[in-house]
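Sharing a model prediction with you, sequence too.
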Amino acid sequence: MSASRTDPSMPDPGPPRKLRWAGLWAPFLIAGLLVAGWSAGWVYAARQVEAGLERGVADLRASGTKVAWSSKRLSGYPFRLNLALSNLRVAGGGWVVEAPDLEAQAFLHAPRNWLVATPSGLVVTRPDGGGLEVRGRRILASFALAAEGMPRVSIEGLGLTFRPAPGARPFALAGAERLELHLRPGPDDKAAVFLRLEGGAPEPGRLLADLGGGAPVSGQLEAIADRASMLGQPTPLRAWSAAGGRLELRQAGLTTGETRLSVASPGLGASPDGQLTGPLTLRTSGPPEVLRVLLKHGVISPGEAAGGLAAAVLGRQSADDTRIDVELSAGRARWVRPR
């Protein structure tokens, strides 16, 4: 017989199986849901940023501070939150800060931690001094926002230059290699303030240049502020002082050339016009020329009753440290008692 016969030892293959399309599409469906969920989370976070910005601006405006910008843009999807403001202008208390472009960035998983940069620098208009253009190799600030109270703030400037506007009053420094400011909230509504200056280039003819003969300037400051939560809000200094706010200068020093200055205070407050007031202890090292420079630039002003004592101190030829107690008032220091 020519017909082939089936081997009974071989299993029956059965009918061919159909492809399970659901199994093929499941990974893509899951990925799509994850992307949609992440996108919704990013949009929600971006809206929270906008809402927080609007609340902050409303609080500032309610306190009399004017805030404006020409354009705003939120970007950074999928992992970052980028906020860009053009032609930002903040004005209050006689001060005006302007930034042609401000860039702020936070990661989506840490929306309370922000880095802020001003690539084109900024312009600060002083109440009595006029405009001051500030540029640098890097001007960067970091903010760690808290649910309540003050944020942790760090500001760093590298390769800074300071250029007064035409007709404005000269600034103490023409530039600085490094300038840092740190604000750290603590317990009992206090906050620590740290300031450090390295490689400061004094402006010719100004106080720092005369003190050190044009030598580079370095310095640091450590202070403790009471009622720190009020400083984290748009509160005038006079209101902060009236509520018991004080600034304790624990350590403040300045070195330029052969001259060294240090300042301390148990507590500085604010006058009704918003200027710091209170006792200061000033220590100087070097020849009496240091004191003459301070008098020349109006840092210390001997009173009529202290004229004889002032003359005695100015006549000293010792290089030992000299202590001078002064009282800050109306933006000036009044000589209280030299020792």
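Ah, there it is. Numbers count the residues shown, from 1 in each chain.

ok, now which ones touch the spatially most central residue of the chain?
Centrality entry for the chain: nearest residue to the mean C-alpha point is I155, 4.0 Å, by CA atoms, centre = their mean. With contact set as CB atoms under 8 Å, 6 or more residues apart in numbering, I155 has these partners: L140, A141, E180, L181, H182. C-beta coordinates here come from the backbone N, C-alpha and C atoms, glycine included.

please redo it, this time with the cut-off set to 7 Å
Going by CB atoms under 7 Å, 6 or more residues apart in numbering, I155 touches A141, E180, L181.

all helices of the stretch 151-300 of the chain, in order?
When assigned using DSSP state H, counting those that start in this stretch, the helices of the stretch 151-300 of the chain occupy the ranges 207-212, 228-231, 237-242, 289-296.

now the ones you listed in JSON lines, with distance to M150 and mean neighbour count?
As requested, these are exported to JSON lines (distance: least, CB to CB, whole Å; neighbours: other CB atoms under 10 Å):
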{"stretch": "helix 207-212", "distance to M150": "31", "mean neighbour count": "22"}
{"stretch": "helix 228-231", "distance to M150": "5", "mean neighbour count": "19"}
{"stretch": "helix 237-242", "distance to M150": "12", "mean neighbour count": "18"}
{"stretch": "helix 289-296", "distance to M150": "34", "mean neighbour count": "17"}
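
and the closest residue to A191 other than its chain neighbours, how far is that from A106?
In space, and not counting its chain neighbours, A191 is closest to A228: 3.5 Å by CB to CB, 6 or more residues apart in numbering. Distance, A228 to A106, by CB to CB, to the nearest Å: 23 Å.

correct me, but R196 touches Q220?
Yes. Using CB atoms under 7 Å, R196 is in contact with Q220, at 4.8 Å.

Against which helices or strands is the strand or helix carrying A91 packed?
If you go by DSSP states H and E, A91 is part of strand 80-92. Judged by 3 or more CB pairs under 7 Å, 6 or more residues apart in numbering; DSSP states H and E, strand 80-92 is in contact with helix 21-62, strand 66-68, strand 71-75, strand 95-107.

partners of the shortest one, with directions?
By that I understand strand 66-68. Using DSSP bridges, strand 66-68 pairs in its sheet with strand 80-92 (antiparallel).

next one: the last one
Next to strand 95-107 in the sheet, as set by DSSP bridges, lie strand 80-92 (antiparallel), strand 113-117 (antiparallel), strand 122-126 (antiparallel).

tell me which residues of that strand are tucked away?
Using 16 or more other CB atoms under 10 Å as the test for burial, strand 95-107 gives V96, E98, A99, D101, L102, A104, Q105, A106.

For the first one, give me its contacts.
V96 makes contact with R89, T125, according to CB under 7 Å, 6+ apart.

if you set the cut-off to 8 Å instead, what comes out?
Residues in contact with V96 (CB under 8 Å, 6+ apart) are R89, V90, V123, V124, T125.

L85: which of the buried residues of strand 95-107 is nearest?
L102 (4.6 Å; CB to CB).

Could you measure from the residue lying closest to the closest one once chain neighbours are set aside over to L145?
Leaving aside its sequence neighbours, L102 sits nearest to L85 (CB to CB, 6+ apart; 4.6 Å). As defined by CB to CB, L85 lies at a distance of 17 Å from L145.

ranges for the strands of the stretch 151-300 of the chain?
152-164, 173-185, 191-202, 217-225, 247-256, 259-270, 276-285 (DSSP state E, counting those that start in this stretch).

The third one packs against which elements?
If I follow you right, that is strand 191-202. Other helices and strands packing on strand 191-202, by 3 or more CB pairs under 8 Å, 6 or more residues apart in numbering; DSSP states H and E, are strand 173-185, helix 207-212, strand 217-225, strand 247-256.

Pipe the strands of the stretch 151-300 of the chain into JSON lines and attach mean pLDDT per row.
JSON lines is the format used below for these (pLDDT from 0 to 100):
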{"stretch": "strand 152-164", "mean pLDDT": "96"}
{"stretch": "strand 173-185", "mean pLDDT": "95"}
{"stretch": "strand 191-202", "mean pLDDT": "96"}
{"stretch": "strand 217-225", "mean pLDDT": "95"}
{"stretch": "strand 247-256", "mean pLDDT": "92"}
{"stretch": "strand 259-270", "mean pLDDT": "89"}
{"stretch": "strand 276-285", "mean pLDDT": "84"}
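
Dump those strands to CSV, plus distance to G41.
As requested, the strands of the stretch 151-300 of the chain are arranged in CSV below (distance: least, CB to CB, whole Å):
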stretch, distance to G41
strand 152-164, 25
strand 173-185, 29
strand 191-202, 33
strand 217-225, 37
strand 247-256, 42
strand 259-270, 44
strand 276-285, 46
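
Mean pLDDT, mean neighbour count and distance to K190 added to the strands paired with strand 95-107, as a markdown table?
What follows is the strands paired with strand 95-107, written out as a markdown table (pLDDT from 0 to 100; neighbours: other CB atoms under 10 Å; distance: least, CB to CB, whole Å):
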| stretch | mean pLDDT | mean neighbour count | distance to K190 |
| --- | --- | --- | --- |
| strand 80-92 | 95 | 17 | 25 |
| strand 113-117 | 96 | 16 | 22 |
| strand 122-126 | 94 | 17 | 28 |
